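>>> This is a predicted model, with the sequence first.
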Amino acid sequence: AQLVESGGGLVQAGDSLRLSCVGSGRSFSDYAMGWFRQAPGKEREFVASIDWRGATSYYSDSVKGRFTISRDNAKNAVYLQMNSLKPEDTAVYSCAAQRLSGPIGGPIRRDYWGQGTQVTVSS
């Protein structure tokens with residue numbers, strides 16, 4: 001099974017991007033899903049997570065109010081809508097999945113993860 005991200009690119013501050021992550025090789029409908037990011041020289045950082053039904057989501061303080069995570073289990077996909085982008089959002093964004101068909105309480109465990117997509121925000 002694998003996760004493949006897409007949708008990254010180079011944008012200006014204040015712009016929007018929508019990242020997609022599509023799973024293959026198995027159904028992720030009973031998995032919690034999430035997004036992480038890693039900027040050069042920095043530790044990987046949790047961005048957002050969503051439970052298996054898409055009913056509950058969590059965000060890091062740095063993106064709360066600007067980013068929205070969603071999922072479409074019929075498409076085996078999770079999305080990250082990013083608005084009001086800032087230069088400090090520049091990073092490689094990767095999605096992840098944790099086998100969990102129950103409530104989530106924040107960041108998820110990375111049972112599966114993708115290679116990531118680059119997001120660069122210029123000032």
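Arrived safely.
>>> in the sheet, who's paired with the residue nearest in space to the middle of the chain?
The chain has Trp35 as the residue nearest its centroid, 2.5 Å off, counting by CA atoms, centre = their mean. With DSSP bridges as the criterion, Trp35 is bridged to Ala48, Cys95.
>>> got the contact list for it?
Leu19, Cys21, Val47, Ala48, Ser49, Ile69, Val78, Leu80, Tyr93, Ser94, Cys95, Ala96 (CB atoms under 8 Å, 6 or more residues apart in numbering). Bear in mind the C-beta positions are built from the backbone N, C-alpha and C, glycine included.
>>> Among the residues you listed, which one sits closest to Ile108?
Ser49 (4.8 Å; CB to CB).
>>> What is the neighbour count of the closest one?
Residues lying near Ser49 (other CB atoms under 10 Å) number 25.
>>> Excluding chain neighbours, what is closest to it?
Gly34 (3.7 Å; CB to CB, 6 or more residues apart in numbering).
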